[in-house]
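J.: how would this look folded up:
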Amino acid sequence: MKKKLAAIVMAGVLSASMLCACGSEAQPEKAAAETVETVAETTEEAAAETEETGTKVEFEALEKEAPETADGEKVDKAMMVDDETFAELQDSYEIVVDMYNGVVDLYNMDEVAADPYVEKSLTNIKKTLTTIGNKSQDSISMQEALKIIETLDKTIDELDKLVDRIQVAE
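T.: Predicted structure coming up:
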């Protein structure tokens, strides 16, 4: 039952991310600002949904796909992110994905109690990481790359908070 629920949740997340990605005419700076806000909103939204569901959603690990594949948008070469900054972004992304997968492994343990806040936060973090993983060097500006790196730093802090919040089931 848990696996079916997780599959349904994942299908919904993937469908939503496809709909959000298709047809968007947002400027790269706006997309980066939205990504930064996603992590900040995670805490606020999840705190509002503290009802105990009684069942725990089981999360799957996120594949490491460092930002590299083109997403269709091109940025003026004069504004494009430089190699050093993009390499830093890729390194930070891999670290955060490893941390996310570690928190998912911890939360999926049978001894851990269900927590809607943790589940909502993990879902939002996965959406953010998936969005970042779809970026390529030629599709983001230097400004957007710096905002993404800032988002990744905030995501590390959020993951640390989630580890502290995870409780052993009684």
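J.: from the rest of the structure, what touches stretch 162-170?
T.: With contact meaning CB atoms under 8 Å, 6 or more residues apart in numbering, stretch 162-170 is reached by 103, 106-107, 110-115, 117-118, 121-122. (Glycine included, C-beta is placed from N, CA and C.)
J.: now these: which count as buried?
T.: By neighbour count, with 16 or more other CB atoms under 10 Å, the contacts of stretch 162-170 hold 103, 107, 115, 117-118, 121-122 as buried.
J.: how about TSV for those, with distance to I132 and secondary structure added?
T.: As requested, the buried ones among the contacts of stretch 162-170 are arranged in TSV below (distance: CB to CB, whole Å; DSSP: H, G, I helix; E, B strand; the rest coil):
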residue	distance to I132	secondary structure
V103	17	helix
Y107	21	helix
D115	25	coil
Y117	23	helix
V118	21	helix
S121	16	helix
L122	16	helix
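J.: pull the most distant pair out of those residues.
T.: Spanning the widest gap among the buried ones among the contacts of stretch 162-170 are V103 and Y117, at 12.8 Å by CB to CB.
J.: so what's the residue lying closest to S141 once chain neighbours are set aside scoring on pLDDT?
T.: Counting by CB to CB, 6 or more residues apart in numbering, M79 is the residue found nearest to S141 once chain neighbours are left out, at 4.4 Å. Confidence at M79, expressed as pLDDT, is 79.
J.: what sits against M79?
T.: Here M79 is in contact with 141-143 (CB under 8 Å, 6+ apart).
J.: out of the residues you listed, which comes closest to T131?
T.: Nearest member of the contacts of M79 to T131, counting by CB to CB, is S141, at 15.7 Å.
J.: that closest one and D82 touch, don't they?
T.: No. With contacts counted by CB atoms under 8 Å, S141 stays clear of D82, the gap being 10.7 Å.
J.: who has more neighbours out of those two?
T.: The neighbour comparison of S141 against D82 (other CB atoms under 10 Å) goes to S141, with 18 against 11.
J.: low-confidence stretches in the chain?
T.: 1-54, 64-78 (pLDDT under 70).
J.: and the helices in it?
T.: Assigned by DSSP state H, the chain shows helices spanning 2-21, 28-48, 83-107, 116-133, 142-165.
J.: just want the angle from the longest one to helix 142-165.
T.: Just to be clear, that refers to helix 83-107. Going by axes from the mean of the first three to the mean of the last three CA atoms, to 10 degrees, helix 83-107 is angled at 20 degrees with respect to helix 142-165.
J.: how much does helix 83-107 deviate in direction from helix 116-133?
T.: Using the same axes, to 10 degrees: helix 83-107 against helix 116-133 is 150 degrees.
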